[in-house]
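Asks: Sequence and predicted model, in that order:
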Amino acid sequence: MLQPQIETTVRRLAENPNDSRLKTHHLSGRLAGLYACSAAYDCRIVFVKDKDPKTGAEVLLLINIGSHEEVY
């Protein structure tokens, strides 16, 4: 079951999107401007980084969760 690994990954993303355990990286091609990180061996989370217009705080919007083949 992937749910615990996904929950751990989302918590780490909230704390530090650049945590080396997440293997966060920029995407290119049709997904340019987005980022991806690993939640498990073949489970990726695709997200975008943005700023909250009211507070200026960085926010992460999750776009897709699935296998490498599903999200890319």
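Replies: Received the coordinates, thanks.
Asks: helices or strands next to the worst-scoring helix or strand of the chain on mean pLDDT in the packing?
Replies: Here the helix or strand of the chain ranked lowest by mean pLDDT, DSSP states H and E is helix 68-71, holding a mean of 93. When contacts are defined as 3 or more CB pairs under 8 Å, 6 or more residues apart in numbering; DSSP states H and E, helix 68-71 packs onto strand 43-51, strand 58-66. Every C-beta, even on glycine, is put in place using the N, C-alpha and C of the backbone.
Asks: most remote residue from this protein's center?
Replies: Distance to the chain centre peaks in the chain at Lys54, reaching 22.9 Å (criterion: CA atoms, centre = their mean).
Asks: For Asp52, give its distance to Ile63.
Replies: Distance of Asp52 to Ile63, computed by CB to CB, to the nearest Å: 17 Å.
Asks: quick one, longest helix in this structure?
Replies: Longest helix in the chain by number of residues (criterion: DSSP state H): helix 3-15.
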